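Enquirer: this one's structure only:
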């Protein structure tokens, strides 16, 4: 029998696109899945759609939870750490995408290749669509191997593509649903890679990632998006994000292999030094982004004390 897949679906006023996402679950080639939906919506429209599908599929196929009302990251962590949800593999899901039919199967096959006691995280490239379902191309194709040094500098995996095994889920439970984080997907990448887990980035797109005005986080592919990220860096957002990540990771060093503990402490200490020790310390810590331009931006952040 195939392993049970828990789809952790978070919703917030999602009436416009939610039915298409739920229908894409029903079209999966992998059949042993259960949807656990946590609804943060202000009105009743989204809840009504979820209830309609629960009646269609049956309560054994879908459960609905009231969200914590503290933002998308807290909503996802509330599901990932919910002790009532038990499965072999777990999938984060947004409310407005469309899963390709083999999404669960493709991730499940890779996760099955990793020993059960080793934390493992799968993520993938995405195919972009507009609000009407028209193709907009693809998200960037990352070629550098995912690792902790990369996770300290950027997130390569969108949460809407992520799947992880029980050992990775146990790490999220140990760190808790109330951990102050930047985003649930970046935190998952950081935590799994920090604790010596396996991370796989699949270059084959697994979802149709809808781009629209209501996106909390888009694909960040355009030149405009790159300028926006540069502006955020210069204003100190990356520095604030690193503060948050380091504070969240520090209490859990006992779960990390020695080389990752050393990397974390080297990076943390270098950020607070004067000019030359800071630049050499940050670059010497080994942290890296996926592209040449990204690494140039990382060096600039170190130079201008924005890291």
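Expert: Structure received. Only a predicted model underlies this, so the values are computations on that prediction, with no experimental measurement involved.
Enquirer: switch to C-alpha atoms for all contacts and neighbour counts from now on
Expert: OK.
Enquirer: Can you give the strand pairings for the strand or helix carrying residue 137, parallel or anti for each?
Expert: According to DSSP states H and E, residue 137 maps onto strand 135-138. Under the criterion DSSP bridges, strand 135-138 sits next to strand 127-129 (antiparallel) in its sheet.
Enquirer: The strand it pairs with - what's its average pLDDT?
Expert: Average pLDDT, strand 127-129: 97.
Enquirer: What of stretch 249-257?
Expert: What stretch 249-257 shows for mean pLDDT is 98.
Enquirer: Distance from the chain centre to that stretch, please.
Expert: The chain centroid and the centroid of stretch 249-257 are separated by 20 Å, computed with CA atoms, centre = their mean, to the nearest Å.
Enquirer: now do stretch 6-15
Expert: Between the centre of stretch 6-15 and the centre of its chain there are 15 Å (CA atoms, centre = their mean).
Enquirer: gap between the two ends of it?
Expert: 22 Å (CA to CA, to the nearest Å).
Enquirer: now do stretch 134-141
Expert: With CA to CA as the measure, the first residue of stretch 134-141 is 20 Å from its last.
Enquirer: Give me the buried stretch members for that stretch, please.
Expert: Buried residues in stretch 134-141, counted by 16 or more other CA atoms under 10 Å: 138-139, 141.
Enquirer: Specify which member of the residues you listed is nearest to residue 38.
Expert: The closest of those to residue 38 turns out to be residue 139 (CA to CA; 26.9 Å).
Enquirer: Which residue, other than its chain neighbours, is closest to the closest one?
Expert: Of all residues not flanking residue 139 in the chain, residue 126 sits nearest, at 5.4 Å (CA to CA, 6 or more residues apart in numbering).
Enquirer: Neighbours of residue 44, how many?
Expert: As a burial measure, residue 44 scores 11 neighbours (other CA atoms under 10 Å).
Enquirer: Same check on the one 3 residues further on?
Expert: Residue 47 is surrounded by 23 other residues when neighbours are defined as other CA under 10 Å.
Enquirer: Also the one 10 residues further on?
Expert: For residue 57, the tally of surrounding residues (other CA under 10 Å) stands at 14.
Enquirer: Contact partners for residue 21?
Expert: Taking CA atoms under 8 Å, 6 or more residues apart in numbering, we find residue 21 in contact with 95-99.
Enquirer: Mind putting the residues you listed into a markdown table with distance to residue 201?
Expert: As requested, these are exported to a markdown table (distance: CA to CA, whole Å):
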| residue | distance to residue 201 |
| --- | --- |
| 95 | 22 |
| 96 | 22 |
| 97 | 19 |
| 98 | 19 |
| 99 | 17 |
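Enquirer: out of these, who's nearest residue 160?
Expert: When the contacts of residue 21 are ranked by distance to residue 160 (CA to CA), residue 97 comes first, at 8.0 Å.
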